[in-house]
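1. Following is a predicted model, sequence given first.
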Amino acid sequence: MTGALHELSAVELTGAIRRREVSAREALEAHFERIDAVNGAINAVVTEDRERAAALAAAADELTASGAQLPPLHGLPMTHKDTHNTKGLRTTQGSMAFRDFVPTFDDLIISRLKSAGVVTTGKTNVPEFAAGAHTFNEVFGTTVNPYDTTRSAGGSSGGVAASIAARIQPLGDGSDMGGSLRNPASFCNVAGYRPSIGVVPSLPTRNAWAWLNRAGLMAREVGDIALGMTAIAGADPAVPYAYPVAGSFAAPLERDLTGLRIGWSADFGLGVPVDREVLRVLEGQLQVFTDLGAVVEEASPDLREADLVFRTTRAFDFVLGLGGVVKKHGEMIKQEIRWNVEQGQQLAAQDMVDAALARTRLDASVRRYFGNYDVFASPTAQVLPFDATERYPTSVNGVEFDTYVDWMRSATLISATGLPAVSVPAGFSEGGLPVGLQLAMPHGSDVELLQVAYAFEQATGWAKQAPDL
């Protein structure tokens, strides 16, 4: 059975370990065998800790044999995003300035995963300090797409997405400020979920009130995301807010979509340019929801305030979080990060006032939208996975972009709303490149959002189409 273990979902693998059909050692062996087989082609896993992982797997098997109650992710091998601090395991942030940094602590999402039984095996590649939706850096190089190794795997959770798509592991942790879970999920034919605010607290942090960036999960199957959320969701007393989630992540994912009201927009009501092939694929999938009983209409929230909210908040967060790093290390830090920090340094009081007022108006417009619709559906990414030798796309459909984040507006507009969102596999281009569908729902509707995504996943089966590595 070992040869097929890498194909199992997290639900299936942890279930097999729990039933003693497979040992944690065997799961770990299959995990590393898969890294050895495919990682050379995609460069997703950049740090490994095989000796300590073996000890963790052995301890997991001892716990299984003891008859004790087992945690939800018991024995599951997992590499972690290299922007998440891992105690005793190198965490570089994809930066030459931190290439030898070994934390003395775990970030909260990592400590929760470990407490849930995960066997930590290493780290996955990221763009420097998670800035940008293409995974490359001067420490480890570029992570490429398992479906076409000349193309980008997306970012910033690109290493996670590529390793999941390549069947190295079924589940992975990530983070998402402007699409860093959703964009690579779209590029790599996996699911990427950005939770409601505070559902997965981010600790430690310099700004306890930060709201734009979210910690979340990626997986090949929505059921694995739900399983993972039972382990990592929940308030922490060190974080001063948490949006209450309706329902339980342990609830069944099966749900009747009859009467569900879905608003779809190809351009977010703002004329956002989206590659014609992406739209061809997505518009061909809308009938799936109709067949499931949902009502699909063309409609978008009023997102005119979203760009201002995202740009200002992102600039503030960058100068607060990385201003000191840029000041200390200067030219060692990539130009896009220095630009972000400069944008933050130029903020005036009026800019912050304008952003606060705009965010309030944006929230009101979103709430009005959800008075008429249950779900907002849109393209996850504006482009297909692009040439991995490029830093970022500079245009789409003849529309030129001014900055390195403009091609990600399909994700950043949703980030600005603060809504929970998920990207689910929605098919492939004529050239065989993955395309993701973005679904967003009201604050706190995370469980229902995963149920809707699960219904689409089960009806289409796109996630089961593996890359040829």
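-> Done, it's in. Numbers count the residues shown, from 1 in each chain.

2. how close does the residue nearest to the spatial centre of the chain sit to residue 191?
-> Geometric centre of the chain, nearest residue: residue 181, 1.7 Å, by C-alpha atoms, centre = their mean. From residue 181 across to residue 191, the span is 9 Å (C-beta to C-beta, to the nearest Å). Bear in mind the C-beta positions are built from the backbone N, C-alpha and C, glycine included.

3. Ok, residue 174 next?
-> Distance of residue 174 to residue 191, computed by C-beta to C-beta: 11 Å.

4. what sits in contact with each of these two?
-> residue 218 (C-beta atoms under 8 Å, 6 or more residues apart in numbering).

5. more neighbours, those two?
-> residue 174 (33 against 29; other C-beta atoms under 10 Å).

6. Excluding covalently adjacent residues, which one is nearest to the more buried one?
-> residue 157 (3.3 Å; C-beta to C-beta, 6 or more residues apart in numbering).

7. now swap in residue 358 and tell me
-> Per C-beta to C-beta, 6+ apart, closest to residue 358 is residue 305, 4.1 Å.

8. So the residue nearest to residue 224 when sequence neighbours are not counted versus residue 379, what's the distance?
-> Spatial nearest neighbour of residue 224, excluding adjacent residues (C-beta to C-beta, 6+ apart): residue 10 at 4.0 Å. Plainly put, residue 10 is 27 Å away from residue 379 if you go by C-beta to C-beta.

9. What average pLDDT does the longest helix along the chain get?
-> Scanning the chain for the helix with the most residues, using DSSP state H, yields helix 306-329. Over the span of helix 306-329, the pLDDT mean works out to 98.

10. CA atoms only: put that helix into CSV for me.
-> In CSV, the C-alpha atoms belonging to helix 306-329 read as follows (Å, rounded to 0.1, in the frame of the first residue of the first chain):
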residue,chain,number,x,y,z
ALA,A,306,-11.8,48.3,-2.7
ASP,A,307,-8.7,49.4,-4.5
LEU,A,308,-8.2,52.3,-2.1
VAL,A,309,-8.8,50.2,0.9
PHE,A,310,-6.4,47.5,-0.2
ARG,A,311,-3.6,49.8,-1.4
THR,A,312,-3.6,51.9,1.8
THR,A,313,-3.9,49.0,4.2
ARG,A,314,-1.2,47.0,2.4
ALA,A,315,1.2,50.0,2.4
PHE,A,316,0.6,50.6,6.2
ASP,A,317,1.1,46.9,7.0
PHE,A,318,4.3,46.7,5.0
VAL,A,319,5.9,49.8,6.6
LEU,A,320,4.9,48.6,10.0
GLY,A,321,6.0,45.0,9.5
LEU,A,322,9.1,45.3,7.2
GLY,A,323,10.1,49.0,7.5
GLY,A,324,12.9,48.1,10.0
VAL,A,325,14.1,45.1,7.8
VAL,A,326,14.4,47.4,4.7
LYS,A,327,16.2,50.0,6.8
LYS,A,328,18.7,47.5,8.1
HIS,A,329,19.3,45.4,5.0
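
11. in the next helix or strand after it, what counts as buried?
-> For helix 306-329, the succeeding helix or strand toward the C-terminus, using DSSP states H and E, is helix 335-345. Across helix 335-345, burial judged by 16 or more other C-beta atoms under 10 Å covers 336-341, 343-344.

12. I'd like the next helix or strand past helix 335-345.
-> helix 349-369.

13. Can you give the contact residues for whichever helix or strand comes after that following helix?
-> Next helix or strand after helix 349-369 toward the C-terminus (DSSP H and E): strand 375-379. For strand 375-379, the surrounding residues in contact (C-beta under 8 Å, 6+ apart) are 260-266, 268, 274, 278-279, 282, 286, 289, 296, 300-301, 369, 410, 414, 419, 436-441, 449, 452.

14. Show me the helices in the protein, by range?
-> Counting by DSSP H, the helices of the chain are 10-18, 24-42, 50-66, 108-115, 158-165, 182-188, 222-232, 276-283, 286-291, 306-329, 335-345, 349-369, 409-417, 446-460.

15. Let me have those helices in CSV, adding distance to residue 247 as columns.
-> Listed next are the helices of the chain as CSV, based on distance: least, C-beta to C-beta, whole Å:
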stretch, distance to residue 247
helix 10-18, 18
helix 24-42, 30
helix 50-66, 30
helix 108-115, 20
helix 158-165, 25
helix 182-188, 22
helix 222-232, 11
helix 276-283, 28
helix 286-291, 21
helix 306-329, 27
helix 335-345, 37
helix 349-369, 20
helix 409-417, 21
helix 446-460, 4
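
16. Perfect, that will be all.
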